[in-house]
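Enquirer: Let me see the structure of the following:
(3 chains)
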Amino acid sequence: MNNETINMSISPVVGPALLSKSNPVFCCYLFWSSLLILKMMLMALLTARQRIKTKTFANPEDLRVGKTSDVRFNDPNVERVRRAHRNDLENVLPFLLMSLAYVACGPHPLTAKLLIRIGASARLLHTIVYAVLPLPQPTRAFSFFVTFGIVCFEAIYVLIAAVKYI
Amino acid sequence: MNNETINMSISPVVGPALLSKSNPVFCCYLFWSSLLILKMMLMALLTARQRIKTKTFANPEDLRVGKTSDVRFNDPNVERVRRAHRNDLENVLPFLLMSLAYVACGPHPLTAKLLIRIGASARLLHTIVYAVLPLPQPTRAFSFFVTFGIVCFEAIYVLIAAVKYI
Amino acid sequence: MNNETINMSISPVVGPALLSKSNPVFCCYLFWSSLLILKMMLMALLTARQRIKTKTFANPEDLRVGKTSDVRFNDPNVERVRRAHRNDLENVLPFLLMSLAYVACGPHPLTAKLLIRIGASARLLHTIVYAVLPLPQPTRAFSFFVTFGIVCFEAIYVLIAAVKYI
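Expert: I've put the predicted structure just below:
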């Protein structure tokens, strides 16, 4: 944090930017965020597989695929994958946006990389125990709260770092 | 906008980057986006509280928590918090992404900071009157449309600023 | 990629930053992401129009608007727009975040601009054939998989580019 601030006050030339490939923490963020987004995209395929397997289609124009004659909702297998997908929207997207803001604040590199790696891995585990191989609680609750806690920590870190710009 | 463009044409050295801690507008964005993300995360706890209070669990493996024997859906208290949460996904996440793009365009600092502060505050109000203390309309509609209008304004600003790169 | 890496190892001064207005690829991203976000915001108006037209309100405090006496769910017209909106959350937001990470990696400018333009256009088409003018399949599936494929390509590109920061 000091290094760049000093540079800024001396000249308009910036040092290594935090949101650029020259920052290893940002590269670490790029890797794990891509992995999480790829995983989120695969949820759509998982839903499609369950829809076709159970012939549960939500739109009249999709019925031809399953050779069925009626739209259906509330199939438990489809709904489980959809809940897991929605949980991703509610947690992975905030995690990605929050980690980006956190990296932009220039946190300690080792801490930041550790938080990104653990937070992303916990979400991968969450999907497995929710949508692929349902395990008894508290496995899912544990993986949920790991990322949850990391997002809250990052948010409080950034809030404190940027509080004078409120 | 001019300042950086001029620098760019003279030398490959950039002036103060817009997406960096040296830009007060970006710092303001960091503060308010962290606050909004923290609020979104708390929605999950609010849902969990309602689920436990009304013993409404969506997954068979969660039933042990409430000592109930059947999954349940459609509890009005749970569904209200879930609708508020989904409304956040539909509005807060676009607001965060749009404001980031807007800040990256180098808008007038005072305008930009004002829009970010008002847009974020309106979403905090929206959650309170939707999920915590339901108030009669048009309180919720008002807070919804404030952020809605700001996102649209920012989008049109960026569309015009970047139209030659279509 | 080489150009900046070389600069970085010689001096702390960075060349033209990838996530700045001086990068035409980033400007192209700004334009199309604003258009997609604007479209997503309009989905809320589309939902509101269907809710008022079919008098389907989900909250007791909204009933006054439609002069009805009961909350209703499951109206097929409302649900279709809501499914289209949720599909946007599941695909547009990851597309925006993934493309940002992809642009930050410094891909070939022509390829990157082409992917952003095609990916965003496909989502505009998706909304039209899903929520505005429902067309028989596989129009919707086609537009869905175009953006889907682009997000996966970008994710794999970034994963390979950043693999050593795992």
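Enquirer: and the longest helix for chain A?
Expert: helix A:24-54 (DSSP state H).
Enquirer: Just give the closest residue to A:Ala122, not the sequence neighbours.
Expert: A:Val146 (3.8 Å; C-beta to C-beta, 6 or more residues apart in numbering or on different chains). From N, CA and C alone the C-beta is placed, and that goes for glycine too.
Enquirer: Equivalent analysis for A:Thr68, please.
Expert: A:Lys55 (4.7 Å).
Enquirer: Show me what from chain A comes close to chain C.
Expert: Taking C-beta under 8 Å from any C-beta of the partner chain as the criterion, chain A approaches chain C at residues A:7, A:13-17, A:19-22, A:24, A:26-28, A:30-31, A:33-35, A:37-38, A:40-41, A:43-44, A:58-59, A:61-62, A:64-65, A:85, A:89, A:93, A:96-97, A:113.
Enquirer: Could I have the ChimeraX command that selects the buried members from those?
Expert: Of the residues of chain A next to chain C, the buried ones can be selected in ChimeraX as follows, counting by 16 or more other C-beta atoms under 10 Å in any protein chain shown:
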select /A:7,13,14,15,16,17,19,20,21,22,26,27,28,30,31,33,34,35,37,38,40,41,43,44,59,61,62,85,89,93,96,97,113
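Enquirer: hang on, the earlier thing: report the separation between the residue nearest to A:Thr68 and A:Met40.
Expert: 25 Å (C-beta to C-beta, to the nearest Å).
Enquirer: what does A:Asn23 give?
Expert: For A:Asn23 relative to A:Met40 (C-beta to C-beta), the value is 25 Å.
Enquirer: swap in A:Val78?
Expert: Remark: distance between A:Val78 and A:Met40 (C-beta to C-beta) = 17 Å.
Enquirer: related to what we said a few turns ago, where does the residue nearest to A:Ala122 fall, secondary structure wise?
Expert: helix A:139-161 (DSSP states H and E).
Enquirer: where does chain A have low pLDDT?
Expert: Applying pLDDT under 70 to chain A flags residues A:1-16, A:64-66, A:69.
Enquirer: switch to 90 and redo it
Expert: Within chain A, the segments meeting pLDDT under 90 span A:1-24, A:43-84, A:105-106, A:127-143, A:162-166.
Enquirer: So which bits of whichever strand or helix holds A:Arg86 are buried?
Expert: Per DSSP H and E: A:Arg86 is located in helix A:76-104. For helix A:76-104, burial by neighbour count (16+ other C-beta under 10 Å) applies to A:78-82, A:84-104.
Enquirer: Whether it contacts chain B - can you check?
Expert: Yes: applying C-beta under 8 Å from any C-beta, one finds helix A:76-104 in contact with chain B at A:79-80, A:83, A:89-91, A:93-94, A:97-98, A:101, A:104.
Enquirer: export those to CSV and tack on distance to C:Leu135?
Expert: Formatted as CSV, the residues of helix A:76-104 next to chain B follow (distance: C-beta to C-beta, whole Å):
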residue, distance to C:Leu135
A:Glu79, 27
A:Arg80, 30
A:Arg83, 29
A:Leu89, 26
A:Glu90, 31
A:Asn91, 34
A:Leu93, 29
A:Pro94, 34
A:Leu97, 34
A:Met98, 38
A:Ala101, 40
A:Ala104, 42
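Enquirer: Tell me which residues touch the most centrally placed residue in chain A, please.
Expert: In chain A, the centroid-proximal residue (C-alpha atoms, centre = their mean) is A:Val92; its distance is 2.2 Å. Each residue near A:Val92 by C-beta atoms under 8 Å, 6 or more residues apart in numbering or on different chains is listed here: A:36-37, A:40, A:123.
Enquirer: try it again with 10 Å
Expert: A:33, A:36-37, A:39-40, A:43, A:85, A:119-120, A:123, A:126-127, A:147, A:151, C:93-94, C:97 (C-beta atoms under 10 Å, 6 or more residues apart in numbering or on different chains).
Enquirer: From A:Leu46, how far out is it?
Expert: 15 Å.
Enquirer: how far away is the residue nearest to the centre of chain A from A:Lys164?
Expert: Applying C-beta to C-beta to A:Val92 and A:Lys164 gives a distance of 30 Å.
Enquirer: Check which helix or strand A:Gln137 maps to.
Expert: Going by DSSP H and E, A:Gln137 is not in any helix or strand.
Enquirer: Contacts only, for the closest residue to it other than its chain neighbours.
Expert: Nearest non-adjacent residue to A:Gln137, counting by C-beta to C-beta, 6+ apart: B:Glu61, 5.3 Å away. By C-beta under 10 Å, 6+ apart, B:Glu61 lies in contact with A:129-130, A:134-141, B:71.
Enquirer: TSV for these, including neighbour count?
Expert: As requested, the contacts of B:Glu61 are exported to TSV (neighbours: other C-beta atoms under 10 Å in any protein chain shown):
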residue	neighbour count
A:Val129	20
A:Tyr130	23
A:Pro134	15
A:Leu135	14
A:Pro136	11
A:Gln137	14
A:Pro138	14
A:Thr139	17
A:Arg140	22
A:Ala141	16
B:Val71	15
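Enquirer: for the residues you listed, which one is nearest chain C?
Expert: Closest approach to chain C among the contacts of B:Glu61 (C-beta to the nearest C-beta): A:Tyr130, at 15.7 Å.
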